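[1] Structure here, sequence nowhere to be found:
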């Protein structure tokens, strides 16, 4: 059944995993099925562990501002409770992107106070290795979450859940129809000319309860979210795929045949 009312309303990349987003009018499918330059850099500590919001609240003090063509990134430190005491000694610094990973690693090592390695991968560093395509949510779903948590703005919700593609023209949780009741099955759909395979509802981590700019934690977030999500589960959602209800957005795979194709704002979604 074609769902002609759904359309691509927002495209956002997170060029450095765990840091700021960039909104684009169009994006190209990359070599692993994700968006080109999405999560292309990832930070690792001296023991090889990820440096991300799950590991350190210092992430909330980092800002990454990108050139319009994504050819450079400026890293800076924002004031706040998680900025290092020595933060006045960290003037903003600009690095080539994505070629400047080694130079950026030296600056980040000073910021975190430990040896940091920044790796660049053209295929990106997706959160779900089995479904490495763009994550998809509807604007209405994010707005529903904002209604559950007064004071959480739409921009804050976008940074908390860090979804790549946002759909407009549809009701909240419309995207729950983009995965199948059977774990081994997929739902095939298109956004514009790009073929997707919907895999599963995305399980969330400990980052969404935090206000992105400050790191302030809503300690009841997961419980309240899960209760509200269960109560709002639409009739088209395969309930058997929810072993818990702390889930939002859809993880996807993109066949290799789609590599290099463009996604554009306004592209229609067909299922």
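    Structure received. All of these numbers come straight from a predicted model, not from anything done at the bench. Residues are numbered from 1 along each chain as shown.
[2] check contacts around the residue nearest to residue 138 when sequence neighbours are not counted.
    Nearest residue to residue 138, sequence neighbours excluded (C-beta to C-beta, 6 or more residues apart in numbering): residue 167, at 4.5 Å. (C-beta placed from N, C-alpha, C; glycine too.) Contacts for residue 167 were tallied using C-beta atoms under 8 Å, 6 or more residues apart in numbering; they are 6, 7, 8, 9, 136, 137, 138, 139, 174, 175, 269.
[3] Tell me which of those residues fall in helices.
    Judged by DSSP state H, the contacts of residue 167 include residue 139 as members of helices.
[4] between the contacts of residue 167, which has the most around it?
    residue 175 (28 neighbours; other C-beta atoms under 10 Å).
[5] my read: residue 37 touches residue 99, true?
    No: Residue 37 is beyond contact range of residue 99, at 12.0 Å (criterion: C-beta atoms under 8 Å).
[6] In terms of neighbours, single out the busier of these two.
    Between residue 37 and residue 99, counted using other C-beta under 10 Å, the more crowded position is residue 37 (23 against 11).
[7] so who does that one touch?
    Counting by C-beta under 8 Å, 6+ apart, residue 37 touches 13, 15, 30, 70, 98, 124.
[8] What residues does the third one make contact with?
    Looking back up the chat, that one is residue 30. Residue 30 makes contacts with 36, 37, 38, 122, 123, 124, 259, as judged by C-beta under 8 Å, 6+ apart.
[9] buried subset of these?
    Buried by 16 or more other C-beta atoms under 10 Å: 36, 37, 38, 124, out of the contacts of residue 30.
[10] In three-state terms, label the closest residue to residue 148 other than its chain neighbours for me.
    If the residues on either side of it in the chain are set aside, residue 148 comes closest to residue 228, at 4.6 Å by C-beta to C-beta, 6+ apart. At residue 228 the chain is in helix, as set by DSSP: H, G, I helix; E, B strand; the rest coil.
[11] So residue 228 versus residue 141, what's the distance?
    12 Å (C-beta to C-beta, to the nearest Å).
[12] Looking at those two, which has the bigger crowd around it?
    For the pair residue 228 and residue 141, the greater number of neighbours falls to residue 141 (26 against 16), based on other C-beta under 10 Å.
[13] who touches the stretch of helix or strand that one belongs to?
    Secondary structure assignment for residue 141, by DSSP states H and E: helix 139-148. Contact with helix 139-148 is made by 9-10, 152-154, 156-158, 161, 166-168, 170-175, 224-225, 228, 232, 248-249, as judged by C-beta under 8 Å, 6+ apart.
[14] all helices of the stretch 51-200 of the chain, in order?
    Ranges of helices within the stretch 51-200 of the chain are 101-112, 139-148, 154-161, based on DSSP state H, counting those that start in this stretch.
[15] Which positions in the shortest one come out as buried?
    Meaning helix 154-161. Neighbour-count burial for helix 154-161 [16+ other C-beta under 10 Å]: 156, 157, 158, 159, 160, 161.
[16] can you pull the contacts of the first one?
    Read that as residue 156. By C-beta under 8 Å, 6+ apart, the residues touching residue 156 are 146, 211, 212, 213.
[17] If any of those residues are buried, put those into a ChimeraX selection.
    Buried subset of those, written as a ChimeraX selection, criterion 16+ other C-beta under 10 Å:
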select :146,211,212
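[18] I'd say residue 166 and residue 7 touch.
    No: under the criterion of C-beta under 8 Å, residue 166 is not in contact with residue 7, lying 10.2 Å apart.
[19] Could you find the closest non-adjacent residue to residue 186?
    Residue 186's closest residue in space is residue 197 (C-beta to C-beta, 6+ apart), at 4.0 Å.
[20] ok, now residue 205?
    Nearest non-adjacent residue to residue 205, counting by C-beta to C-beta, 6+ apart: residue 54, 6.0 Å away.
[21] what number of residues lie near the one you found?
    Residue 54: 12 surrounding residues under other C-beta under 10 Å.
[22] Was I right to think it contacts residue 207?
    Yes: assessed by C-beta under 8 Å, residue 54 is found in contact with residue 207 at 6.5 Å.
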